[in-house]
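1. Have a look at this prediction, sequence included:
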There are 2 protein chains.
Amino acid sequence: MADKTICPKFESALNILNKRWTGLIIFQLLEGAQRFSVIEGNIGISGRVLSERLKDLEKQGIVKRNVYDETPVRIEYALTEKGKALEPVLQSIQHWADGWINKDTKSIV
Amino acid sequence: MADKTICPKFESALNILNKRWTGLIIFQLLEGAQRFSVIEGNIGISGRVLSERLKDLEKQGIVKRNVYDETPVRIEYALTEKGKALEPVLQSIQHWADGWINKDTKSIV
DNA sequence: ATACTTAGTTACATAAAGTAAGTTAATATT
DNA sequence: AATATTAACTTACTTTATGTAACTAAGTAT
């Protein structure tokens, strides 16, 4: 691979949304903190990959993992400020989708 | 997979940007029509996958394939109106990246 | 002691992406 | 006439990512 790095920041941002499921995970968390099993059920991701993604997102400072010492233990994943700052990105995707995606054909309007 | 379909249009839009390379391909084409080999070289994608992606994007009405009968044949890929309409999406990603990505650490600002 | 719950992890199977060589068509070169 | 060149792919094969389903750990409750 050549890797011309058009703009390293931009590429690095794209590499986040680029990965399967990250967009939906962030979209879910924009509604508020959620537990592992809730995210899993809501977006239909496999536990294996959700675990992987949440670790990535945490490492990138987009998601925060909060442990509540109840019984059984409750763990919630929430967006950080950096994560919340992605809301306009998802909104612009939504806006584009509203204007250009025909939900029946999944193709040209 | 459960597939709760949060919003079918939104999901379908995400499934485009979601795939590896599509974001960069569209970003490239925002600068104007480009040939296969140029895109390939600029973003460092393999020919096999670029071919696959361009067909997908064409099928979704985001990219138009233009054949110029020169010698050797010249083929250019350009964004359609639907494709150009993605510019604000990429801009919002760029904007987020500028504010939140530290290009050195690739992580928290 | 056994069972239940959440939040994972592990082992294995299938699908997607990377690599490198090959194909096609229209010239241009020797 | 045979060989080479160029762009745009395609094919065969390897590596990586994702899906599936069963399993583990910690802390109760029965």
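-> All right, it came through fine. The model shown is predicted, which means the values in this text are computed figures rather than measured ones.

2. which sections of chain A are below the confidence cut-off?
-> Where chain A drops to pLDDT under 70, the residues are A:1-5, A:103-109.

3. Can you show me the CA trace of the helix or strand hosting A:Ser12 as CSV?
-> Assigned by DSSP states H and E, A:Ser12 falls within helix A:8-17. The C-alpha coordinates for helix A:8-17 follow below in CSV (Å, rounded to 0.1, in the frame of the first residue of the first chain):
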residue,chain,number,x,y,z
PRO,A,8,-3.6,12.3,8.3
LYS,A,9,-6.2,13.6,10.7
PHE,A,10,-9.0,13.1,8.2
GLU,A,11,-7.8,9.6,7.4
SER,A,12,-7.6,8.8,11.0
ALA,A,13,-11.1,10.0,11.6
LEU,A,14,-12.3,8.1,8.6
ASN,A,15,-10.7,5.0,9.9
ILE,A,16,-13.0,5.2,12.9
LEU,A,17,-16.3,5.5,11.0
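
4. And the next helix or strand past that helix?
-> Scanning forward in sequence from helix A:8-17 by DSSP H and E, the next helix or strand is helix A:22-29.

5. Between helix A:8-17 and that next one, find me the angle.
-> Here helix A:22-29 runs at an angle of 70 degrees relative to helix A:8-17 (axes from the mean of the first three to the mean of the last three C-alpha atoms, to 10 degrees).

6. which secondary structure elements does the helix or strand following helix A:22-29 contact?
-> Per DSSP H and E, the first helix or strand lying C-terminal to helix A:22-29 is strand A:34-35. Strand A:34-35 sits against strand A:74-79, with contacts defined as 3 or more C-beta pairs under 8 Å, 6 or more residues apart in numbering or on different chains; DSSP states H and E. C-betas here are computed from N, CA, C, even on glycine.

7. starting at the chain centroid, how far to the strand it packs on?
-> Remark: strand A:74-79 is offset 13 Å from the chain centroid, using C-alpha atoms, centre = their mean, to the nearest Å.

8. does it come close to chain B?
-> No: judged by C-beta under 8 Å from any C-beta of the partner chain, strand A:74-79 and chain B are separated, with a smallest distance of 12.1 Å.

9. Quick one: check that strand for contact with DNA strand D.
-> No: counting by C-beta under 7 Å from any atom of the strand, DNA strand D is not contacted by strand A:74-79; separation bottoms out at 11.3 Å.

10. Contacts for that strand next, please.
-> A:26, A:29-30, A:32-36, A:39, A:54, A:62-68, A:86 (C-beta atoms under 8 Å, 6 or more residues apart in numbering or on different chains).

11. In PyMOL, select just the buried ones from the residues you listed.
-> For the buried members of the contacts of strand A:74-79, the matching PyMOL selection, counting by 16 or more other C-beta atoms under 10 Å in any protein chain shown, is:
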select buried, chain A and resi 26+29+34+36+39+54+62+63+64+86
